[in-house]
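**Student:** 3D, please:
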Amino acid sequence: MDARILVIEDDASIRELTERGLRAAGFEVTTAATGDDGLERFRADRPDAVVLDVMLPGMDGLEVCKAIRAASAVPVVMLTARSETLDVVVGLESGADDYVTKPFEMPELIARVRASLRRASGRHPSDEGLRVGEVRIDVAAHTVTRADERIELTPTEFRLLAELARHAGNVLSREQLLELVWGYDYLGDSRLVDATIQRLRAKIETTPSTPRTIETVRGVGYRAVRP
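**Tutor:** Here you go, the predicted structure:
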């Protein structure tokens with residue numbers, strides 16, 4: 001049996017369809033219909049990844065995601081009927097790794113779940129002593145510091161920063177970052193990159209409005225400054 005996936009979705013038809021699709025793909029699946037029940041299942045079962053609907057009765061998906069992220073770095077793929085950039089930013093800031101817009105095709109969801117699991121288990125051979133400008137990155141400890149002050153990042157923000165650091169001084173296109181950080185190219189949405197860069201800058205830049213650590217190369221992509 002493949003990895004264990006928790007599906008938190010209040011719509012019974014979508015929940016059952018998602019469960020069947022993931023099981024057919026080889027995953028072990030548990031489900032919950034509310035945010036509160038989902039958190040209980042998460043704490044009891046400790047799944048390898050979570051598929052989480054945004055619009056839930058009671059505690060909504062964003063609140064559930066924050067609660068999960070406070071306790072674990074487990075991958076979270078959010079299901080949403082909304083795809084505006086602001087909604088993407090809010091979901092990523094809550095700690096989600098990726099999102100799928102309803103209505104969705106099962107092969108896409110399965111591909112995104114598998115990609116999130118690969119990212120969670122990945123390590124790079126040259127991660128020791130990573131730096132971007134004055135920011136230090138300890139991949140093994142999953143910590144980021146500047147002047148000995150710790151900076152709290154979501155797992156996706158951390159992976160993006162580490163990938164930029166590995167290529168410091170070089171420009172990475174949005175397409176390259178989608179493949180390196182999110183693990184795919186053909187399923188990617190460039191808003192994922194822009195939204196995560198925006199949140200990352202808000203946390204690591206001294207003055208986010210005039211970034212000096214992660215530069216935008218207009219029409220191309222992004223570049224991290226050399227330490």
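**Student:** Tell me how the protein divides into domains.
**Tutor:** 4-121, 130-224 (automatic domain parsing).
**Student:** Name the next helix or strand downstream of the worst-scoring helix or strand of the chain on mean pLDDT, please.
**Tutor:** When each helix and strand of the chain is scored by mean pLDDT, DSSP states H and E, helix 85-93 comes last, with a mean of 68. Note on helix 85-93: by DSSP states H and E, the next helix or strand toward the C-terminus is strand 98-101.
**Student:** after that following strand, next one along is what?
**Tutor:** Moving toward the C-terminus from strand 98-101, the next helix or strand (DSSP H and E) is helix 106-121.
**Student:** helices or strands next to that following helix in the packing?
**Tutor:** helix 12-24, strand 49-53, strand 76-80, strand 98-101 (3 or more C-beta pairs under 8 Å, 6 or more residues apart in numbering; DSSP states H and E). To be clear about C-beta, it is placed using only N, CA and C from the backbone, and glycine gets the same treatment.
**Student:** In contact with G133, which residues?
**Tutor:** Counting by C-beta atoms under 8 Å, 6 or more residues apart in numbering, G133 touches R212, T213, A224, V225, P227.
**Student:** just checking, the first one touches R201?
**Tutor:** Spelled out, that is R212. No - using C-beta atoms under 8 Å, R212 makes no contact with R201, being 9.9 Å away.
**Student:** Those two: which is more packed in?
**Tutor:** More neighbours surround R201 than the other of R212 and R201, with 20 against 12 (other C-beta atoms under 10 Å).
**Student:** Spell out the secondary structure type for the more buried one.
**Tutor:** Recorded secondary structure, R201: helix (DSSP: H, G, I helix; E, B strand; the rest coil).
**Student:** State the distance from it to M55.
**Tutor:** 29 Å (C-beta to C-beta, to the nearest Å).
**Student:** what's the answer for G219, then?
**Tutor:** 36 Å.
**Student:** cool, and R114?
**Tutor:** 25 Å.
**Student:** Which of the two has more residues huddled nearby?
**Tutor:** Comparing R114 with M55 by other C-beta under 10 Å, the one with more neighbours is R114, at 18 against 15.
**Student:** mind listing what the most centrally placed residue in the chain touches?
**Tutor:** The chain has D97 as the residue nearest its centroid, 1.5 Å off, counting by C-alpha atoms, centre = their mean. With contact set as C-beta under 8 Å, 6+ apart, D97 has these partners: P75, V76, V77, S116, R119, P155, T156, W182.
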